[in-house]
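Student: one predicted model, sequence on top.
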Amino acid sequence: MLRIENIEVRYSGVPVIHDVSLDVNEGELISVIGSNGAGKTTLLKTIAGALHPTQGSIQFENEDISRTSTVDIVKQGITYVPEERRIFGPLSVEENLRLGAYILNDREGLEKSLDYVYRLFPILKERRNQKGGTLSGGEQQMLAIGRGLMARPKLLMLDEPSLGLMPKLVDEMLEAVAKLKDEGLTILLVEQNVREALELADRGYVLQTGRTIYNGRGQELLETDIIKKAFLGI
C-alpha cells in the first residue's frame with residue numbers, strides 16, 4: 001500500500017532524514033521506533049504532505065505522492081493523528097469529530113463513521129456535547145484518533161498516541177489500536193512504549209539519526225541486542 005524509497009527531508013536546508021525506506025502492506029500494523037530526534041515525526045509529516053522529500057520517493061497505492069498536498073493526501077486515504085492532538089477546544093466532542101469527516105459527501109456515510117467512533121470510544125458518546133478542551137488527556141487522545149477515523153482512512157498514522165497518559169490509559173489506548181488492527185485497518189504507528197509497539201506490530205523499523213538501521217518482524221526485533229540495550233534496558 002505504501003512504499004518509501006531512500007527519502008531525504010530537510011528543515012531550512014539541513015537534512016533531518018537522510019536515507020529512510022519502508023513498506024506498509026494492506027492490513028499491516030507497522031511500528032517505527034527510535035530515540036528522540038531520530039526523525040520519526042518528520043517521517044509521518046512527510047508522508048502526510050506537510051513536508052516534501054528532497055530526494056527519494058513516496059508511493060501510495062502505486063501513485064507517487066512525494067509532492068502531493070496534505071488535502072489531496074487525505075482524500076486519497078491517509079490520515080495523520082499528530083502527537084500534539086490539536087483538537088479544537090471550544091468545539092464540542094461531536095463537532096470535532098464531524099470536522100474530521102469534511103471529505104465525506106454523503107450524510108449517511110458521516111453518520112456511520114460517527115457511530116463507528118462512538119462504538120470504539122464509548123466515553124466520547126457520553127461526552128459528545130462537552131467542549132473538547134475540558135476532556136482529560138486520555139479522552140482528548142481518543143477524540144484525536146476518532147477524528148482521524150471519521151474520514152474512513154485506508155492508512156491511519158498515529159504519532160505517540162500514549163504520550164503523556166497515565167499507565168492505565170496507555171493500556172486502554174494501545175488496546176484500541178490493537179482493535180483497529182484486528183478490524184483490518186492499516187496502521188503506521190510511532191510509539192514511545194517500544195515493547196508494546198513491537199508486540200502489536202506485524203513488522204517494525206528502527207530509525208537512528210534520520211536513517212533506517214534495522215527492520216524485521218516485531219517479535220524478532222524485540223530479541224535484537226540494539227532494542228534490548230537502547231530501549232528496553234536489558
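Tutor: On my side now, so go ahead. Numbering: from 1, shown residues only.
Student: in stretch 199-214, which residues are buried?
Tutor: Across stretch 199-214, burial judged by 16 or more other Cβ atoms under 10 Å covers L200, A201, D202, R203, G204, Y205, V206, L207, Q208, G210, T212, Y214. From N, CA and C alone the C-beta is placed, and that goes for glycine too.
Student: let me know the closest of the residues you listed to E83.
Tutor: Proximity of those to E83 (Cβ to Cβ) peaks at L207, which lies at 15.4 Å.
Student: phi, psi of that closest one?
Tutor: phi -100, psi 140 (degrees, to the nearest 10).
Student: rewinding a little: tabulate the buried residues of stretch 199-214 (a markdown table), appending secondary structure and pLDDT.
Tutor: As requested, the buried residues of stretch 199-214 are exported to a markdown table (DSSP: H, G, I helix; E, B strand; the rest coil; pLDDT from 0 to 100):
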| residue | secondary structure | pLDDT |
| --- | --- | --- |
| L200 | helix | 92 |
| A201 | coil | 94 |
| D202 | coil | 95 |
| R203 | strand | 96 |
| G204 | strand | 95 |
| Y205 | strand | 95 |
| V206 | strand | 92 |
| L207 | strand | 91 |
| Q208 | strand | 88 |
| G210 | coil | 90 |
| T212 | strand | 90 |
| Y214 | strand | 87 |
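Student: of the residues you listed, closest to L222?
Tutor: The nearest member of those to L222, counting by Cβ to Cβ, is G204 at 8.7 Å.
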